[in-house]
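Chemist: Task: produce atomic coordinates for the following.
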Amino acid sequence: MSSSRSSDPGRRNLSPALRRLVAAIVAVAAILGSRPSVACATDFSPLETLMRRAVGDSVFPGASIAVIHRGKVVFHRAFGRLTYDPQSAPADTSTIYDAASLTKAVATTSIAMQLVEHDSLDINTPVSRYRPGFAANGKGRVTIGQLMRHVSGLRAHRYFAETCRTPEEVFRTIDRDSLTCTPGTKTVYSDLNFMLLGRIEEALTGKSLAANFQARFSVPLGMTSTMFTPAPALRPRIAPTGEDGMWKLDRPRPLVNDQNAALLGGISGHAGLFTTTGDLARMVRMLMNGGTFDGRRYLKASTVETFLKKGDGSRALGWDLVTPGGASSAGSKFSASSWGHLGFTGTSIWVDPEREIAVILLSNRVWPSPDNIKIRKFRPVLHDTVVDCIDNP
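Modeler: Down below sits the predicted model:
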């Protein structure tokens, strides 16, 4: 380096003050050259203002949000704290949230996609083929696809801990239950559908849902902070939630908001996944890209397309769809081909394939109580705001 400088007579003749000025100009030019043009950058300040206002209005104590546009994460920030206590740790993009029913779409549906590709699972086949006892009381014709589209006719919800003490008792109770309507005639969003589907996937593979998702998706995708039954050492990173329902059993309740998931040991097809916005962004980008991510194929493009199509009822296979002309948590500006899912704890994913936009929101709106439902009005505004930011850079 010293020989290079000494060979530059012009530089050697500069005064010290002028030399410092030249160095400063070069440094500023380098910084400006490395930055994108302001005219081309998206202004997300309205989104930041909305998120801060939501925290101030107690929509949730804190939240992490990721926005994907044209295959890239263009916004990724966290707001608020883990609780409403001013001394609580700030939320950040590495905060782990109880994903609640996002488990249905992210974990259980993704596993089903691979099993269908490998001919281990047939969505058009009756559930009773995989679980013979389920055929009781007129349920013999309910199909796997009807479970996934929530048109099975099963009841919406039940607190199984009131009558059951073990997972086996839970599923025997579902097997013996009667239908609330004729399968295929009415959409009734039901946790029981995905509790069953998760159980069937475990029986088909001989592995737990957690082990299946880890091997098939979370490890290869690099979702290092996504898991069922997180270890105690991770507690400082996990946003707390209020408990869903009274715990009636004499054993400790696992760390999960959903009582039925807790009864099943924290691992269920309908709830139990813990994750971060960064991890979910990898999964969502893979799905938006037709099943590939970082050069690796996880699903066939045709499988992704099939699962995201509308069928009987108003939903896709494992995912929700925007209802044309109706109110949607995706707001009024996502296209009619949009797909997504919500989670009871204050989580959501919505993807607009036409605009190539995805919005991932993780929050703990149920802390300290699930009675706080302000997020219902917030979600549509959130998604409309993201579209406005991207459409008006």
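
Chemist: State the pLDDT value of residue 312.
Modeler: Per-residue pLDDT puts residue 312 at 74.

Chemist: and if you look at residue 30?
Modeler: In this model, residue 30 is scored at 34, pLDDT.

Chemist: what do you get for residue 128?
Modeler: 98.

Chemist: Let me see the ranges of the strands in the stretch 151-300 of the chain.
Modeler: Remark: strands assigned in the stretch 151-300 of the chain by DSSP state E, counting those that start in this stretch are 227-228, 273-275, 292-293, 296-297.

Chemist: which one of those strands has the most crowded surroundings?
Modeler: strand 273-275 (a mean of 27; mean count of other CB atoms under 10 Å). Quick note: C-beta positions are derived from backbone N, CA and C, even for glycine.

Chemist: what packs against that one?
Modeler: Applying 3 or more CB pairs under 8 Å, 6 or more residues apart in numbering; DSSP states H and E, we find strand 273-275 packed against strand 97-98, helix 102-103, strand 227-228.

Chemist: Give me the distance from that strand to the chain's centre.
Modeler: 8 Å (CA atoms, centre = their mean, to the nearest Å).

Chemist: Contacts for that strand next, please.
Modeler: 96-99, 102-103, 106-107, 213, 223, 225-228, 230, 238, 362 (CB atoms under 8 Å, 6 or more residues apart in numbering).

Chemist: Neighbouring strands of that strand in the sheet, and parallel or not?
Modeler: strand 97-98 (antiparallel), strand 227-228 (antiparallel) (DSSP bridges).

Chemist: Between those strands, which one is closest to residue 392.
Modeler: Residue 392 lies closest to strand 97-98 among the strands paired with strand 273-275, at 29.8 Å (CB to CB).

Chemist: what does the average pLDDT come to for the closest one?
Modeler: Mean predicted confidence for strand 97-98 is 98.

Chemist: CSV for the strands paired with strand 273-275, including distance to residue 317?
Modeler: Shown next, in CSV, are those (distance: least, CB to CB, whole Å):
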stretch, distance to residue 317
strand 97-98, 24
strand 227-228, 22
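
Chemist: Export the strand or helix carrying residue 306 to CSV, keeping only CA atoms.
Modeler: Element membership for residue 306 (DSSP states H and E) is helix 301-307. These are the backbone C-alpha positions of helix 301-307, laid out as CSV (Å, rounded to 0.1, in the frame of the first residue of the first chain):
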residue,chain,number,x,y,z
ALA,A,301,-45.5,-26.5,-9.1
SER,A,302,-48.6,-28.5,-10.1
THR,A,303,-49.1,-29.6,-6.5
VAL,A,304,-48.9,-26.0,-5.2
GLU,A,305,-51.4,-24.9,-7.9
THR,A,306,-53.8,-27.8,-7.1
PHE,A,307,-53.8,-27.1,-3.3
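
Chemist: In terms of secondary structure, what does the helix or strand just after it contact?
Modeler: Note on helix 301-307: by DSSP H and E, the next helix or strand toward the C-terminus is strand 320-321. Here strand 320-321 touches strand 339-343, going by 3+ CB pairs under 8 Å, 6+ apart.

Chemist: what's the next helix or strand after the strand it packs on in contact with?
Modeler: Per DSSP H and E, the first helix or strand lying C-terminal to strand 339-343 is strand 347-352. With CB under 8 Å, 6+ apart as the test, strand 347-352 has contacts from 97-102, 105-106, 280, 284, 287-288, 329-330, 334-335, 337-342, 357-363, 379, 383, 387.

Chemist: If any of the residues you listed are buried, put those into a ChimeraX selection.
Modeler: Of the contacts of strand 347-352, the buried ones can be selected in ChimeraX as follows, counting by 16 or more other CB atoms under 10 Å:
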select :97,98,99,100,101,102,105,106,280,284,287,288,329,330,334,338,339,340,341,342,357,358,359,360,361,362,363,379,383,387
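
Chemist: Residue 263 - nearest residue in space that isn't next to it in sequence?
Modeler: Of all residues beyond its chain neighbours, the one nearest residue 263 is residue 161 (5.1 Å), with distances taken as CB to CB, 6 or more residues apart in numbering.

Chemist: Count the neighbours of the one you found for me.
Modeler: Applying other CB atoms under 10 Å, we find 18 residues neighbouring residue 161.

Chemist: could you check the distance from it over to residue 259?
Modeler: 6 Å (CB to CB, to the nearest Å).

Chemist: Now the common contact residues for those two.
Modeler: Contacts common to residue 161 and residue 259, judged by CB under 8 Å, 6+ apart, are 245, 247.

Chemist: picking that back up, of all the strands paired with strand 273-275, which one comes closest to residue 148?
Modeler: strand 227-228 (20.0 Å).

Chemist: Residues contacting that closest one, please?
Modeler: For strand 227-228, contacts defined as CB under 8 Å, 6+ apart pick out 209-210, 213-214, 218, 266-267, 272-275.

Chemist: Go through those residues and flag which are in helices.
Modeler: By the criterion of DSSP state H, membership of those in helices covers 209-210, 213.

Chemist: does residue 216 really touch residue 114, like I thought?
Modeler: Yes. Counting by CB atoms under 8 Å, residue 216 does reach residue 114; the two are 5.8 Å apart.

Chemist: Common neighbours of the two, please.
Modeler: residue 298.

Chemist: The stretch 151-300 of the chain: helices as residue ranges?
Modeler: 167-176, 191-205, 209-213, 219-221, 259-263, 277-288 (DSSP state H, counting those that start in this stretch).

Chemist: Just send the ones you listed back as a markdown table, with mean pLDDT and distance to residue 300 too.
Modeler: Conversion of the helices of the stretch 151-300 of the chain to a markdown table gives the following (pLDDT from 0 to 100; distance: least, CB to CB, whole Å):
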| stretch | mean pLDDT | distance to residue 300 |
| --- | --- | --- |
| helix 167-176 | 98 | 31 |
| helix 191-205 | 98 | 18 |
| helix 209-213 | 98 | 18 |
| helix 219-221 | 98 | 16 |
| helix 259-263 | 97 | 30 |
| helix 277-288 | 98 | 12 |
